[in-house]
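1. heads up, no residue letters with this:
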């Protein structure tokens, strides 16, 4: 018998959705995502009891989204020079700088900003796994390493080619009535822009190693009891940048920038060197134990359970990396002087470009990004207990409990946010000078530079304060095919809680269980409530039935071929899904009247529960007075109709107060839908078949209504004007097998 087996695979995809144009000054965007995968495995048998397997793999994904093209080849990488715009830099993209002429009575937009997303991800994986069968034990030992190489550009809204915006203010009469509109195209003809902007197309390369070791023992303690014991340790190396272009923000002296390697030109005074090239500290606490058991309680009853922990560093967007700090990334913007009264103003001229002495662009903003020095990887603990019984030879029933707890989950917010008390004092009392009590943590960050954060300015912090938990009861009834019938029916009753919607929100669910950022950055616990995807009850059923007529079936087994082809061999499949209404968070308008005190959504005040009466699509919360928003100013006292009924359940918080309502206090309508398929294979020649399939999505054409308007300040509060699903759709398909 061979002691060595070697195998491998290679795959690639070169998908693209290129768009072509015959308009010479139009540069349609092309998005392509070429992907390459490679893997190899070497299995070596030392003996019948000891086997080692070595795996290596590589994936390369290029993400080229929104890349401008020049189908006619009229401009290429010299486009700005061709149209007379002194770009001053080496063009990265084809075309020329965008002229935005879409203001009032505008004509169009020509050119392209080139705000493309470019990303390359190379992942190298190495894993060695040794198994050793010894007596009642099956030992597994392994090591795993993964190397990440990520290259990307930080191009935001202004784009690498930039834009000039025209509004018509320089060719209109400032003293005329409003009936004399501005003509944006007239300003464009006279080379008189109101605003321009451009961003440098800096390229960055993140690097990281992740290494882990693990050991596991599958121990057959008794003939009917097997234990699983194991532990895994992982180390996520802090993420570095290939050319040390990392920077972090620390709360020192009102905000200080730390740079990896060296301090670049243009860095604010007081900048320092990071203690490490990653600019944040490593974490050595990723210990992940595992325990499980399988117990055969009786011939037809088994009990399984277990506990396991998983730890990993979550991904995030490019603008949340430590490469996204000025002056490593800078946006340049300038506004012209608008004419009015006795002044003719001063327009910005595309013919003078972005950076001439007369029209010098200045760095504008440049969002700051911070990672806490002790950023924690996510730590997920899961546990379950399941009892399964065989009801007969083909049918089984399983009932189980599943739980999960997540700590150190990624969230983000403004680390330089005002407290409610600070916002109120600065707005109402307007102290001058500003007292120390009203200064935010990064009031002095990059002071004296064009991109200074200032008191209360935005500093994007990516941290790990979010948490979640899930508890669910699950029941599954299965039947393997018998007499043409097979099915899988499962029901889940569960509750999911969290204090954040996650780094990318809740997919495909809007206006539900909270915001991606905390309402009050300094009080994350106030956001703890049901998660946006909390489906309290959920039923899924898949039922497939082979109609009992035709060759080899209960009826018509000896029918002639014509009859069999017409009526025999048909099968029908039904997929049914139903779930209770998703959570709805009741929100209000912002109560900060002068300065920002929250990056998260503002929730309403809650004084009690709505008494739902006469529910309808126009009044999803009913017509009871408690469903009408309070007219008070959030003072905290709400009149009662009587001892049992509130005058209103929700109200607008007072200025400089955060809403008291929790996330997900109300529910949207329930959902259910039935999809049906009818299919059959027709015999054509020998073993060849022609397959026919008809799919009926939402066969009953049921409208499942979406979420009600959830802002108490809206005139249509509580109304539902959309559906969650699509109308009935029929899909027919043929396939030929030979």
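-> Noted; the coordinates are in hand. All values reported here derive from a predicted model rather than from experimental measurement. Residues are numbered from 1 along each chain as shown.

2. contacts and neighbour counts: CA atoms only from here.
-> Fine.

3. Would you work out how far apart the start and end of stretch 419-433 are?
-> 18 Å (C-alpha to C-alpha, to the nearest Å).

4. residues of the top strand by length along the chain that come out buried?
-> If you go by DSSP state E, the chain has its longest strand at strand 459-482. Neighbour counts over strand 459-482 (16 or more other C-alpha atoms under 10 Å) mark 459-479 as buried.

5. and residue 453, what element?
-> Counting by DSSP states H and E, residue 453 is held by no secondary-structure element, helix or strand.

6. Go ahead and report the secondary structure state at the residue nearest to it when sequence neighbours are not counted.
-> Leaving aside its chain neighbours, residue 453 sits nearest to residue 445 (5.5 Å; criterion: C-alpha to C-alpha, 6 or more residues apart in numbering). Classification of residue 445 by DSSP: H, G, I helix; E, B strand; the rest coil places it in coil.

7. Residue 445: how many residues sit nearby?
-> Neighbours of residue 445 under the rule other C-alpha atoms under 10 Å: 30.

8. quick one, what contacts it?
-> Residue 445 is in contact with 254, 255, 256, 257, 452, 453, 454, counting by C-alpha atoms under 8 Å, 6 or more residues apart in numbering.

9. Same question for residue 650.
-> 586, 604-608, 626-630, 661, 712.

10. ok, the helix or strand encompassing residue 51: who's next to it in the sheet?
-> Element membership for residue 51 (DSSP H and E) is strand 50-68. Paired strands of strand 50-68, with direction, are strand 29-32 (antiparallel), strand 35-45 (antiparallel), strand 117-134 (antiparallel) (DSSP bridges).

11. What is the nearest of the contacts of residue 445 to residue 61?
-> Closest approach between the contacts of residue 445 and residue 61, by C-alpha to C-alpha: residue 257, at 32.5 Å.

12. Please report how far that closest one lies from residue 242.
-> 19 Å.

13. which one of those two has more residues nearby?
-> Taking other C-alpha under 10 Å, residue 257 and residue 242 do not tie; residue 257 has more neighbours (25 against 16).

14. tell me which strands and helices the helix or strand that one falls within is in contact with?
-> Per DSSP H and E: residue 257 is located in strand 256-259. When contacts are defined as 3 or more C-alpha pairs under 8 Å, 6 or more residues apart in numbering; DSSP states H and E, strand 256-259 sits against strand 247-250, strand 272-273.

15. tell me which helix or strand of this protein sits lowest on mean pLDDT?
-> strand 362-363 (a mean of 50; mean pLDDT, DSSP states H and E).

16. now the helices for the protein?
-> 79-83, 184-189, 420-424, 561-567 (DSSP state H).

17. Of all the ones you listed, which one is nearest residue 581?
-> It is, among these and with distance given as C-alpha to C-alpha, helix 420-424, at 33.7 Å.

18. now that closest one: how far from the chain's centre is it?
-> Computed by C-alpha atoms, centre = their mean, to the nearest Å, the chain-centroid distance of helix 420-424 equals 31 Å.

19. and the residue lying closest to residue 517 once chain neighbours are set aside, how many neighbours does it have?
-> Of all residues not flanking residue 517 in the chain, residue 600 sits nearest, at 4.8 Å (C-alpha to C-alpha, 6+ apart). Using other C-alpha under 10 Å, residue 600 has 19 neighbouring residues.

20. shaky segments in the stretch 301-450 of the chain?
-> Along the stretch 301-450 of the chain, the model assigns pLDDT under 70 to residues 341-342, 355-366.

21. Give me the pLDDT for the nearest residue to residue 32 once chain neighbours are set aside.
-> The shortest distance from residue 32 to any non-neighbouring residue, by C-alpha to C-alpha, 6+ apart, is to residue 16 (4.2 Å). pLDDT recorded at residue 16 is 72.

22. Look up how far residue 730 lies from residue 16.
-> Counting by C-alpha to C-alpha - residue 16 and residue 730 are separated by 28 Å.

23. Ok, residue 54 next?
-> With C-alpha to C-alpha as the criterion, residue 54 and residue 730 are 48 Å apart.

24. Equivalent analysis for residue 256, please.
-> 61 Å.

25. again with residue 162
-> Counting by C-alpha to C-alpha, the gap from residue 162 to residue 730 is 46 Å.

26. quick one: which of these two has more around it?
-> The residue with more neighbours, out of residue 162 and residue 730, is residue 162; 26 against 13, by other C-alpha under 10 Å.

27. so who does the closest residue to that one other than its chain neighbours touch?
-> Spatial nearest neighbour of residue 162, excluding adjacent residues (C-alpha to C-alpha, 6+ apart): residue 198 at 3.9 Å. For residue 198, the contact set (C-alpha under 8 Å, 6+ apart) comprises 158, 159, 160, 161, 162, 163, 331, 332, 333, 354.

28. Could you check how many residues crowd around the fourth one?
-> So that's residue 161. Neighbours around residue 161, by other C-alpha under 10 Å: 28.

29. ok, it touching residue 113?
-> Yes. Residue 161 is within contact range of residue 113, at 5.0 Å (criterion: C-alpha atoms under 8 Å).

30. Common neighbours of those two, please.
-> Contact with both residue 161 and residue 113 is made by residues 96, 97, 98, according to C-alpha under 8 Å, 6+ apart.

31. thinking again about what came up before, looking at the strands paired with strand 50-68, which is nearest to residue 560?
-> When these are compared (using C-alpha to C-alpha), the closest one is strand 35-45, at 51.0 Å.

32. circling back to that earlier point, dump the helices of the chain to CSV, plus distance to residue 722 and mean neighbour count.
-> CSV is the format used below for the helices of the chain (distance: least, C-alpha to C-alpha, whole Å; neighbours: other C-alpha atoms under 10 Å):
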stretch, distance to residue 722, mean neighbour count
helix 79-83, 45, 18
helix 184-189, 37, 22
helix 420-424, 36, 20
helix 561-567, 42, 14
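
33. Nearest approach to residue 62 belongs to which of those helices?
-> Evaluated with C-alpha to C-alpha, the helices of the chain place helix 79-83 nearest to residue 62, the distance being 25.6 Å.

34. what mean pLDDT does that closest one have?
-> The predicted confidence, averaged over helix 79-83, sits at 90.

35. re earlier: okay, now the sheet partners of the strand holding residue 257, with direction.
-> When DSSP bridges is applied, strand 256-259 pairs with strand 247-250 (antiparallel), strand 272-273 (parallel).

36. got a list of contacts for the longest one?
-> Read it as strand 247-250. 255-260, 274, 279-280, 322-325, 368-372.

37. same question, the shortest one
-> With C-alpha under 8 Å, 6+ apart as the contact definition, strand 272-273 has outside contacts at 256, 257, 258, 259, 260, 261, 262, 263.

38. was I right about residue 495 contacting residue 532?
-> No. Checked against C-alpha under 8 Å, the pair residue 495 and residue 532 is beyond contact range at 11.0 Å.

39. Same drill for those two, tell me which one is more crowded.
-> residue 532 (28 against 18).

40. what are the ranges of the strands in the stretch 101-250 of the chain?
-> Listed in chain order, the strands of the stretch 101-250 of the chain (DSSP state E, counting those that start in this stretch) span residues 109-110, 117-134, 137-153, 163-165, 195-199, 203-222, 225-236, 240-241, 247-250.

41. Any idea which of the ones you listed gets closest to residue 721?
-> Here strand 109-110 is closest among the strands of the stretch 101-250 of the chain (C-alpha to C-alpha), at 33.5 Å.

42. partner strands of that closest one, parallel or antiparallel?
-> Using DSSP bridges, the strands paired with strand 109-110 are strand 98-100 (antiparallel).
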